[in-house]
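Visitor: After the sequence you'll find the predicted model.
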Amino acid sequence: MADAQTDPAAWAEAATSLVRWHRERGNLSEAIEVGEKCTARLVAAGLSGTPQHVAVGLTMASAYHERGDRVRAGRVVEGLVVESERVGSR
């Protein structure tokens, strides 16, 4: 996150919007790069499997899918499901 004062939910919402923005403009590689970095930061902050983590991850997975990398998109989604179930998140 940016700093200790940053609300993780607000940060994740902004990150999801940024990934979506790149994807919708056809910048799939940038969407994926930003998504990977954001999901890594959420995991490092102990937010793996939370709705915030899932939102960023699914948006990134859709960029992988649009790029034609359906195997990687599927792996991302599978990992999100596993982590969500592990922490009891819907």
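Guide: Sure thing, it's come through.
Visitor: quick one: the helices in this protein?
Guide: Taking DSSP state H as the test, the helices found in the chain are 8-24, 28-44, 51-67, 70-87.
Visitor: Helix 8-24 and the third one, what's the angle between them?
Guide: Right, the one you point to is helix 51-67. 10 degrees (axes from the mean of the first three to the mean of the last three C-alpha atoms, to 10 degrees).
Visitor: Equivalent analysis for the last one, please.
Guide: Computed by the same axes, to 10 degrees, the angle separating helix 70-87 from helix 8-24 equals 170 degrees.
Visitor: Going by contacts, tell me the helices and strands next to helix 70-87.
Guide: In terms of contact count using 3 or more C-beta pairs under 8 Å, 6 or more residues apart in numbering; DSSP states H and E, helix 70-87 is assigned the packing partners helix 51-67. Glycine gets a C-beta too; all of them are placed from N, C-alpha and C.
Visitor: what's the lowest-mean-pLDDT helix or strand in the chain in contact with?
Guide: Considering only helices and strands, the least confidently modelled element of the chain by mean pLDDT, DSSP states H and E is helix 8-24, at a mean of 92. Applying C-beta atoms under 8 Å, 6 or more residues apart in numbering, the external contacts of helix 8-24 come out as 1-2, 28, 30-31, 34-35, 38, 42, 45, 47, 52-53, 55-56, 59-60, 62-63, 66.
Visitor: and what of stretch 62-75?
Guide: Under the contact criterion C-beta under 8 Å, 6+ apart, stretch 62-75 has outside partners 19, 22-23, 28-29, 31-32, 35, 61, 76.
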